[in-house]
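Enquirer: The following comprises the amino acid sequence and a computationally predicted model.
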Amino acid sequence: MSNELGASATKRNSAHMLPVCDWLSDLPENTRLTDLIEVQFKNTRKGYFHNAANLPLEKGVNVVVEANPGYDVGEVVLTGKLVELQIKKNKIDASRYEIRQVIRIATEEDLQRAAEAHAREHQTMIKARELAKSLGLEMKIGDVEFQGDGSKAIFFYIADGRVDFRQLIKVYAETFRIRVEMKQIGARQEAGRIGGTGPCGRELCCSTWMINFSSVGTGAARLQNISPNPQKLAGMCAKLKCCLNYEVPVYEDASKLLPNRHIELETQEATWYFFASDPLAGTVTYSSDPQKGVNLTVLSAARAHEIIAMNRRGEKPATLEGNKSAVVEIGYQTGHGDVTRFDHKKKKHHNRR
């Protein structure tokens, strides 16, 4: 039972937060290419370590690794050649980043001690916020993470500007009797560490599977024809939703097939101006007025390119040959759309009886 508690306390969402698909894991020679492994700790924190002792490590194994000072407990999430590629992708400077070693595979005692240390985190965070407020510091303690041996804690904080927390570190060290490390994070990282439920009804992507955060701009919303409503575009972190980036490559590829919005279409009846587009449907809507939607006509991208080519040759088609928008009057209809048809059927059925 204690082993299960320790394992659950050590993983805490990390089983779902894999930075890369380890497609080389089933190759026997993979682990012989390098002794580097990637270890996941609480939520988004991870590190790289040498398996100098050639321990039989694979994804999902809990290990004890060197820390400064003492040791920490984490879960192996990547081994072999892909670890080197991850270090390169994350632009980690090997000359400055100290890669420590794996000490051993975590025992039941190691996991239990790590679980006891992690159990102190919530109360420590509440007290840490009170102490920071009492010192008048413009900062927020977003999360606290204890090292696996309980000798050190990382205090993650959010601040708009620079904060002189030298006095705060002394107060924390005296109050909690531990070594203190302060680490500034952004609003996205805070949401990923705390977790929650998004407006889609699912757990936040940043707290379940996302590791690397990419910048999100309003251009992603405009490209997908999403209404620029700040309340709908903002996530739990009050920043633009990360999911706005998910389909951007698809829209970018589809938009390349559409004509340039600045090109006007010339026909014998009028000059037509770009009004809107639907990249996934491959259609473009044109208006006969450059400022507002008048006589809106929907064309396929192929037809628009055809007219542009004709205009360049000095030719003008008679019409756009599109589907002009019209006001549809909604009313009651007879025949198959008549709601009283069910009554007639019941009446005939009743007569047969």
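Expert: Structure's in. What do you need?
Enquirer: now the strands for the stretch 1-150 of the chain?
Expert: 36-40, 46-50, 62-66, 71-79, 100-105, 140-146 (DSSP state E, counting those that start in this stretch).
Enquirer: between the fifth one and strand 71-79, what angle do the directions make?
Expert: So that's strand 100-105. 100 degrees (axes from the mean of the first three to the mean of the last three Cα atoms, to 10 degrees).
Enquirer: Report the buried residues of strand 100-105.
Expert: Within strand 100-105, the residues scored as buried using 16 or more other Cβ atoms under 10 Å are 100, 102-103. Every C-beta, even on glycine, is put in place using the N, C-alpha and C of the backbone.
Enquirer: Any chance of CSV for the residues you listed, columns pLDDT?
Expert: Listed next are the buried residues of strand 100-105 as CSV, based on pLDDT from 0 to 100:
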residue, pLDDT
Arg100, 91
Val102, 94
Ile103, 94
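Enquirer: ok, back up a step: turn the strands of the stretch 1-150 of the chain into CSV, columns for distance to Tyr286.
Expert: Converted to CSV, these look like this (distance: least, Cβ to Cβ, whole Å):
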stretch, distance to Tyr286
strand 36-40, 52
strand 46-50, 51
strand 62-66, 62
strand 71-79, 51
strand 100-105, 63
strand 140-146, 50
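Enquirer: sorry, back to before: just the closest of the buried residues of strand 100-105 to Lys133, please.
Expert: Set against Lys133, the nearest of the buried residues of strand 100-105 by Cβ to Cβ is Arg100 (35.4 Å).
Enquirer: where are the low-confidence patches of the stretch 1-150 of the chain?
Expert: The stretch 1-150 of the chain contains residues with pLDDT under 70 at 1-21, 23, 25-26, 28-31, 44, 94-95.
Enquirer: Do you have the helices of it handy? List them.
Expert: Secondary structure of the stretch 1-150 of the chain (DSSP state H, counting those that start in this stretch): helices located at 2-11, 30-33, 81-89, 108-118, 121-134.
Enquirer: Looking at those helices, spot the one closest to Glu306.
Expert: The closest of these to Glu306 is helix 81-89. By Cβ to Cβ, the value is 43.8 Å.
Enquirer: quick revisit: out of the strands of the stretch 1-150 of the chain, which comes closest to Asp22?
Expert: strand 71-79 (5.6 Å).
Enquirer: List the neighbouring strands of that closest one plus their orientation.
Expert: strand 36-40 (antiparallel), strand 62-66 (antiparallel) (DSSP bridges).
Enquirer: can I get the buried residues of strand 100-105 in CSV with distance to Arg303?
Expert: Formatted as CSV, the buried residues of strand 100-105 follow (distance: Cβ to Cβ, whole Å):
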residue, distance to Arg303
Arg100, 63
Val102, 63
Ile103, 68
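Enquirer: sorry, back to before: for Cys206, find the nearest of the helices of the stretch 1-150 of the chain.
Expert: Of the helices of the stretch 1-150 of the chain, nearest to Cys206 by Cβ to Cβ is helix 2-11, at 17.0 Å.
Enquirer: now the host helix or strand of Thr175, how far from the chain's geometric center?
Expert: Element membership for Thr175, per DSSP states H and E: helix 166-176. Distance of helix 166-176 from the chain centroid (Cα atoms, centre = their mean, to the nearest Å) equals 35 Å.
Enquirer: tilt between that helix and helix 121-134?
Expert: Interaxial angle, helix 166-176 versus helix 121-134 (the same axes, to 10 degrees): 140 degrees.
Enquirer: Dump the C-alpha coordinates for helix 166-176 into CSV.
Expert: C-alpha atoms of helix 166-176 as CSV (Å, rounded to 0.1, in the frame of the first residue of the first chain):
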residue,chain,number,x,y,z
ARG,A,166,16.5,38.1,-0.4
GLN,A,167,14.8,38.8,2.9
LEU,A,168,12.0,36.5,2.0
ILE,A,169,14.4,33.6,1.4
LYS,A,170,15.8,34.1,4.9
VAL,A,171,12.3,34.1,6.4
TYR,A,172,11.3,30.9,4.5
ALA,A,173,14.5,29.1,5.5
GLU,A,174,13.9,29.9,9.2
THR,A,175,10.2,29.1,9.1
PHE,A,176,10.3,25.8,7.1
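Enquirer: contacts for that helix?
Expert: The set of residues external to helix 166-176 that reach it, using Cβ atoms under 8 Å, 6 or more residues apart in numbering, is 124, 127-128, 131-132, 135, 137, 153, 155, 178-180, 182.
Enquirer: if you set the cut-off to 6 Å instead, what comes out?
Expert: Residues from elsewhere that reach helix 166-176 (Cβ atoms under 6 Å, 6 or more residues apart in numbering): 131, 135, 180.
Enquirer: what does stretch 271-281 give?
Expert: 251, 254-255, 258, 261, 264-265, 284-287, 290, 293.
Enquirer: Could you chop the protein up by domain?
Expert: Split into domains by automatic domain parsing, the chain comes to 2-115, 120-188, 259-353.
Enquirer: Just the buried residues of whichever helix or strand comes after the helix holding Thr175, please?
Expert: Using DSSP H and E, the helix or strand that directly follows helix 166-176 along the chain is strand 179-184. Buried residues in strand 179-184, defined by neighbour count with 16+ other Cβ under 10 Å: 179-180, 182.
Enquirer: Likewise for stretch 285-292?
Expert: 285-288.
Enquirer: again, but for stretch 254-270
Expert: For stretch 254-270, the neighbour count (16+ other Cβ under 10 Å) marks 254, 258-259, 265-267, 270 as buried.
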